[in-house]
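Undergrad: here's my sequence, what's the structure:
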Amino acid sequence: MTSLTPRNREILKWIQDFVGDENYFPTYRDIQKGFGFKSISPVQHHIKALIKAGLIEGNLKKARTLKLDEEQPD
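TA: Residues are numbered from 1 along each chain as shown. Next up, the predicted model:
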């Protein structure tokens, strides 16, 4: 498992809360707006890091395929 930056952890927590409230994974735009990023590029960077760490699963090349790894610790 790759070590996460504090920002990666913050984004993961935000995604977990979003999924808990909305019952679906947020879009890149949702995350962009949630963190005030000017583009989706930083979102893509953080999502790739979370996938590499095994905390998120899915296909980056297809829309709406990302999901939280159900075996991750709370």
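Undergrad: which strands and helices lie in contact with the longest helix seen in the chain?
TA: Criterion DSSP state H: the longest helix present in the chain is helix 6-22. Secondary-structure packing of helix 6-22 (3 or more C-beta pairs under 8 Å, 6 or more residues apart in numbering; DSSP states H and E): helix 28-35, helix 41-52, strand 67-68. Glycine gets a C-beta too; all of them are placed from N, C-alpha and C.
Undergrad: among these, which is nearest G20?
TA: strand 67-68 (9.8 Å; C-beta to C-beta).
Undergrad: next one: that closest one to chain centre, how far?
TA: Put simply, strand 67-68 sits 8 Å off its chain's centre (C-alpha atoms, centre = their mean, to the nearest Å).
Undergrad: so what's the residue count around F18?
TA: Applying other C-beta atoms under 10 Å, we find 16 residues neighbouring F18.
Undergrad: please apply the same query to G34.
TA: 15.
Undergrad: same question for R64.
TA: R64, neighbours per other C-beta under 10 Å, totals 10.
Undergrad: and what of K61?
TA: 6.
Undergrad: for it, what are its contacts?
TA: For K61, the contact set (C-beta atoms under 8 Å, 6 or more residues apart in numbering) is empty.
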